[in-house]
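Novice: starting from these lines, generate the structure:
(2 chains)
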Amino acid sequence: KAGVTQTPRYLIKTRGQQVTLSCSPISGHRSVSWYQQTPGQGLQFLFEYFSETQRNKGNFPGRFSGRQFSNSRSEMNVSTLELGDSALYLCASSLTFRGDKNTGELFFGEGSRLTVL
Amino acid sequence: SQKIEQNSEALNIQEGKTATLTCNYTNYSPAYLQWYRQDPGRGPVFLLLIRENEKEKRKERLKVTFDTTLKQSLFHITASQPADSATYLCAPQDSNYQLIWGAGTKLIIKP
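Specialist: Model prediction:
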């Protein structure tokens, strides 16, 4: 079955702009998590969605937001881009959300590499 | 705060030898710990999960140990091959089952 699909794979923006990234989870998976990865840093958790509801949120400013649709597809948005937002943004899907005592593996997409100039 | 430490320096290993990667955690006691592999420009791929009551877990050439006293997990690849070259990420789960990620260790297997 198809894996997690993220679009776009690469994008370049300038400071002050906004960006929207998309994630289609594996069929049947209802939980989508978003992570930011920068060189030398571990994956930083942004937020997790399940059944169109945000279930958990990481320690990021309000410029970072997300949503999930009824078909489990998810989008994240970053407004007023800053140079420090340049990173690989990863989406991961799983059957259920972590807080549901989920110890299962995460299935990651290839990521969206954002460069802010 | 919860902290995960992995070897920050790249690990260079000769082909055929055993590679051992270390993951240390502080300020919490995870009941589960996962290991992932990440290739350049790709998303992480799940390898193994180990529970706190399991001292050791094996999968083909991979072995993971979990020492809750030392607050440490070791990840071993036996008979290493150049294709094993990648970054390996350790991710213990917190009490809310969220994964807390280490920065990863880059493993280079030399022919």
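
Novice: can you name the residue of chain B nearest chain A?
Specialist: B:Gly43 (3.1 Å; C-beta to the nearest C-beta). Every residue, glycine included, has its C-beta placed from N, CA and C.

Novice: what sits against that residue?
Specialist: Residues in contact with B:Gly43 (C-beta atoms under 8 Å, 6 or more residues apart in numbering or on different chains) are A:Val4, A:Leu90, A:Ala92, A:Phe108, A:Gly109, A:Glu110, A:Gly111.

Novice: ok, which of the residues you listed also contact chain B?
Specialist: When contact is defined as C-beta under 8 Å from any C-beta of the partner chain, the contacts of B:Gly43 meet chain B at A:Val4, A:Leu90, A:Ala92, A:Phe108, A:Gly109, A:Glu110, A:Gly111.

Novice: show me what contacts the spatially closest residue to B:Leu11 that is not a sequence neighbour?
Specialist: In space, and not counting its chain neighbours, B:Leu11 is closest to B:Leu107: 5.1 Å by C-beta to C-beta, 6 or more residues apart in numbering or on different chains. Applying C-beta under 8 Å, 6+ apart to B:Leu107 gives the contacts B:Ala10, B:Leu11, B:Ile13, B:Ala19, B:Leu21, B:Ile77, B:Asp84, B:Ser85, B:Ala86, B:Thr87, B:Tyr88.

Novice: same deal with A:Gly3?
Specialist: A:Ile26, A:Phe107, A:Gly109.

Novice: out of those residues, which sit inside helices?
Specialist: Using DSSP state H, no member of the contacts of A:Gly3 sits in helices.

Novice: highest neighbour count among those residues?
Specialist: A:Gly109 (25 neighbours; other C-beta atoms under 10 Å in any protein chain shown).

Novice: where does chain A come near chain B, residue by residue?
Specialist: Residues of chain A lying near chain B by C-beta under 8 Å from any C-beta: A:4, A:35, A:40-45, A:48, A:56, A:90, A:92, A:98-103, A:105-111, A:113.

Novice: most neighbours, which of the ones next to chain B among the contacts of B:Gly43?
Specialist: For the ones next to chain B among the contacts of B:Gly43, neighbours tallied by other C-beta under 10 Å; top is A:Leu90, 27 neighbours.

Novice: pretty sure that residue contacts A:Leu106?
Specialist: No: contact criterion C-beta atoms under 8 Å: A:Leu90 and A:Leu106 do not qualify, at 9.3 Å.

Novice: ok, residues contacting stretch B:8-23?
Specialist: A:40, B:4-7, B:33, B:35, B:72-82, B:84, B:88, B:90, B:92, B:102-103, B:105-111.

Novice: narrow these to those in strands?
Specialist: B:4-6, B:33, B:35, B:72-77, B:88, B:90, B:92, B:105-110 (DSSP state E).

Novice: which among those count as buried?
Specialist: Buried residues within these, counting neighbours by 16 or more other C-beta atoms under 10 Å in any protein chain shown: B:4-6, B:33, B:35, B:72-77, B:88, B:90, B:92, B:105-107, B:109.

Novice: picking that back up, and of the contacts of A:Gly3, the nearest to A:Leu83?
Specialist: For the contacts of A:Gly3, the minimum distance to A:Leu83 (C-beta to C-beta) is 24.3 Å, reached by A:Gly109.

Novice: next, the contact list for that closest one, please.
Specialist: A:Gly109 neighbours (C-beta under 8 Å, 6+ apart): A:Gly3, A:Val4, A:Thr5, A:Gln6, A:Cys23, A:Leu90, A:Cys91, A:Ala92, B:Gly43.
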